[in-house]
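>>> This is a predicted model, with the sequence first.
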Amino acid sequence: MMEIKLHTVGITVKDLEKSLSFDRTLGLSIPEGQDNEHHVKFTSENG
């Protein structure tokens with residue numbers, strides 16, 4: 001039987017810079033230099 005895995009999550013936020021700071025505090029590996037972008041894409045350690 002095939003294992004079910006989460007593939008994509010989309011989250012809309014009012015302040016991307018603050019959200020990325022919070023995400024990094026949680027230990028997520030968000031690439032630096034993306035704080036002023038309209039969207040950010042990253043891959044978790046589990047793919």
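Right, received. Where do you want to start?

>>> center of this protein - which residue?
Nearest to the mean C-alpha position of the chain, counting by C-alpha atoms, centre = their mean, stands residue 42 at 5.3 Å.

>>> Quickly note the distance from that one to residue 2.
The gap separating residue 42 from residue 2 is 25 Å, by C-beta to C-beta, to the nearest Å. All C-beta atoms are positioned from the backbone trio N, CA, C, and that covers glycine.

>>> low-confidence ranges in this protein?
Flagging of the chain using pLDDT under 70 yields the residue ranges 44-47.

>>> which residues of it fall in helices?
16-25 (DSSP state H).

>>> If we go by neighbour counts, what in stretch 23-31 is buried?
23, 30 (16 or more other C-beta atoms under 10 Å).

>>> now it, how far from the centre of its chain.
8 Å (C-alpha atoms, centre = their mean, to the nearest Å).

>>> do the same with stretch 25-37
The answer for stretch 25-37 is 7 Å, by C-alpha atoms, centre = their mean.

>>> ok, now stretch 29-44?
For stretch 29-44, the distance to the chain centre is 7 Å (C-alpha atoms, centre = their mean).

>>> Stretch 20-28 too?
On C-alpha atoms, centre = their mean, the centre of stretch 20-28 falls 9 Å from that of its chain.

>>> which ones are touching residue 42?
Listed by C-beta atoms under 8 Å, 6 or more residues apart in numbering, the contact set of residue 42 reads 28-31.

>>> ditto for residue 36
16-17.

>>> Strands of the chain, residue ranges please.
Applying DSSP state E to the chain gives no strands.

>>> circling back to that earlier point, could the contacts of residue 42 be laid out in JSON lines, adding distance to residue 6?
Formatted as JSON lines, the contacts of residue 42 follow (distance: C-beta to C-beta, whole Å):
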{"residue": "28", "distance to residue 6": "14"}
{"residue": "29", "distance to residue 6": "17"}
{"residue": "30", "distance to residue 6": "18"}
{"residue": "31", "distance to residue 6": "20"}
